[in-house]
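In: Give me a 3D structure for the following:
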Amino acid sequence: MEKALNITGNLTNDTLQNKEQKLMKRPFITFLTFLLFGINCSVQKTTIPNIKKVYLDKTDTTKNFYTIIYPPKLPWTGYIFLVAGFGETAEKVLHQTDLPKKLALNGILTIIPTFQDGVLSFGVDSLSQQSFGRILKDVTSRHKLIDQPFYLGGYSIGGSCILKYAEESDIKPNAVFAIDPPIDFEQMYNSSKRNLRLSVNTEPNGESVFLLKKIKEIMNGTPEDAIANYQKISPYSFSDTSQTAIKKLLKVPLRIYTEPDIHWWMKERGMDYTSMNSTLHSAMINELNRLGNRNAKLIITLNKGYRKPDNNRHPHSWSIVDNDELIKWLQKQK
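Out: Model (predicted):
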């Protein structure tokens with residue numbers, strides 16, 4: 001477009017000898033402008049993915065549905081389930097990160113599911129996992145995706161969800177990535193309990209109060225009286241010396257992204273390393289590597305976590321991922 005503007009400027013400023021020569025030039029300018037406008041419109045049309053919602057039950061638009069982002073052209077190069085964090089709608093995901101649209105523009109059919117508990121799904125519980133299976137079946141049957149590469153990705157509790165699904169499902173993904181997911185719910189329960197104990201002279205942390213109640217509900221008890229459930233349901237369990245859950249991922253390419261900004265967590269949330277997801281991330285990836293999965297990797301980022309629309313600093317964010325590099329990695333895992 002810059003070159004076209006220069007051309008137009010040169011034509012206008014030329015000292016032409018008569019009006020006939022000027023009139024002869026005008027059709028060319030008009031044609032050039034029309035051509036460039038047409039090219040620009042064509043580019044825009046091919047770079048805006050088609051997005052729509054699909055409801056498994058059309059009478060209930062609050063749960064068991066998915067948002068699907070279609071690649072602009074065929075053939076597709078795979079499909080991915082991208083699971084949101086706790087309380088996140090698909091619209092919020094699309095606002096926080098351009099990853100879904102970039103995946104689609106790279107030929108990957110992208111699905112953002114909403115499970116049985118709506119946006120308040122905890123991901124690892126049986127109802128969420130069953131709902132995941134129903135949505136996956138609906139997508140694959142509608143679009144005949146049996147032979148396509150299959151990927152899983154998720155943020156926060158959505159990352160917990162996809163790790164659990166990758167471990168338990170008969171349909172193994174070609175690759176999995178999780179963005180700062182909680183993975184050991186025994187550790188999360190104990191750290192939440194400690195956080196409340198340390199809040200004697202301040203107002204109790206609402207998130208810790210919620211987590212204690214929710215985790216106890218899902219696990220049917222505390223770690224003291226239901227440890228087997230914690231080890232079975234958590235995507236990774238530090239206390240499970242048999243490594244039952246993660247042994248199911250020995251042949252799965254896996255990435256976990258985390259930004260362990262300890263100073264931010266201590267200053268802004270009064271939390272320390274014992275409460276952070278990253279300590280368990282390193283334990284899980286280390287154990288997988290030592291068990292033989294050399295394609296399991298911990299990716300630690302620095303000062304990349306910011307949330308839109310105000311770009312507020314928060315290390316627990318979608319933005320810690322280098323989207324272009326991640327997509328290149330996914331496309332190699334076939």
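In: who touches residue 272 in this structure?
Out: For residue 272, the contact set (CB atoms under 8 Å, 6 or more residues apart in numbering) comprises 262, 265, 266. Placement of C-beta: from N, CA and C, glycine included.
In: swap the cut-off to 10 Å and go again
Out: By CB atoms under 10 Å, 6 or more residues apart in numbering, the contact list for residue 272 reads 191, 194, 195, 198, 262, 265, 266, 279.
In: Then residue 214?
Out: Contact partners of residue 214, counting by CB under 10 Å, 6+ apart, are 86, 120, 122, 125, 185, 188, 189, 192.
In: Once you drop chain neighbours, what's closest to residue 80?
Out: In space, and not counting its chain neighbours, residue 80 is closest to residue 151: 4.0 Å by CB to CB, 6 or more residues apart in numbering.
In: quick one, phi psi at the residue nearest to the spatial centre of the chain?
Out: For the chain, the residue nearest the mean C-alpha position is residue 154 (4.0 Å; CA atoms, centre = their mean). When read as degrees, to the nearest 10, the backbone of residue 154 gives phi -160, psi 160.
In: what does residue 55 give?
Out: The phi/psi pair for residue 55 (degrees, to the nearest 10) reads phi -110, psi 130.
In: swap in residue 150?
Out: phi -120, psi 120.
In: again, but for residue 190
Out: phi -70, psi -40.
In: helix, strand or coil for the nearest residue to it once chain neighbours are set aside?
Out: Leaving aside its chain neighbours, residue 190 sits nearest to residue 223 (6.7 Å; criterion: CB to CB, 6+ apart). With DSSP: H, G, I helix; E, B strand; the rest coil as the basis, residue 223 sits in coil.
In: where along the chain do the helices fall?
Out: Ranges of helices in the chain, per DSSP state H, are 2-13, 19-46, 90-96, 99-105, 126-143, 157-168, 185-197, 206-219, 227-233, 262-269, 277-291, 323-332.
In: For the residue nearest to residue 80, give me its contacts.
Out: Applying CB under 10 Å, 6+ apart, we find residue 151 in contact with 78-82, 103, 108, 110, 162, 173-177, 253, 327, 330-331, 333.
In: partner residues bridging it?
Out: Going by DSSP bridges, residue 151 is paired in beta bridges with residue 80, residue 175.
In: residues of stretch 76-90 that come out buried?
Out: 76-86, 88, 90 (16 or more other CB atoms under 10 Å).
In: I'd say residue 262 and residue 278 touch.
Out: Yes - under the criterion of CB atoms under 10 Å, residue 262 makes contact with residue 278 at 9.0 Å.
In: Low-confidence stretches in this structure?
Out: Low-confidence segments of the chain, defined by pLDDT under 70: 1-48.
In: go with 50
Out: Along the chain, segments meeting pLDDT under 50 span 1-46.
In: Kindly reformat the contacts of residue 214 as CSV containing distance to residue 202.
Out: Output for these, formatted as CSV (distance: CB to CB, whole Å):
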residue, distance to residue 202
86, 24
120, 26
122, 27
125, 31
185, 25
188, 21
189, 21
192, 15
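In: For these, work out which two are farthest apart.
Out: Comparing every pair within the contacts of residue 214 by CB to CB identifies 120 and 189 as the most remote, at 18.5 Å.
In: before we move on, back to that, from the contacts of residue 214, keep the buried residues only.
Out: Buried positions within the contacts of residue 214, assessed by neighbour count (16+ other CB under 10 Å), are 86, 122, 125, 185, 188, 189, 192.
In: Check the burial of the closest residue in space to residue 86 that isn't next to it in sequence by counting its neighbours.
Out: Using CB to CB, 6+ apart and skipping the chain neighbours, the partner closest in space to residue 86 is residue 157 (4.5 Å). By other CB atoms under 10 Å, 21 other residues sit near residue 157.
In: Same question for residue 201.
Out: Residues lying near residue 201 (other CB under 10 Å) number 5.
In: what do you get for the one 3 residues further on?
Out: Other residues lying near residue 204 total 11 when counted by other CB under 10 Å.
In: Same question for residue 262.
Out: By other CB under 10 Å, neighbour count at residue 262 equals 13.
In: One more: residue 208?
Out: 22.
In: Residue 207 now?
Out: Residues contacting residue 207 under the criterion other CB under 10 Å number 12.
In: Let me see the contact set for the residue nearest to residue 190.
Out: Counting by CB under 10 Å, 6+ apart, residue 223 has contacts 185, 186, 187, 189, 190, 193, 215, 216, 229, 230, 231, 239.
In: same thing but at 8 Å, please
Out: 186, 189, 190, 230.
In: Next one: the third one from residue 239, what distance?
Out: Which is residue 190. 10 Å (CB to CB, to the nearest Å).
In: Next: the first one.
Out: Residue 186 sits 6 Å away from residue 239, going by CB to CB.
In: which neighbours do these two share?
Out: 227, 230, 231.
In: Who are the contact partners of the first one?
Out: Contacts here follow CB under 8 Å, 6+ apart; on that basis residue 227 touches 186, 239.
In: Kindly report the same for residue 158.
Out: Contacts of residue 158 (CB under 8 Å, 6+ apart): 82, 83, 84, 85, 86, 88, 123, 178, 181.
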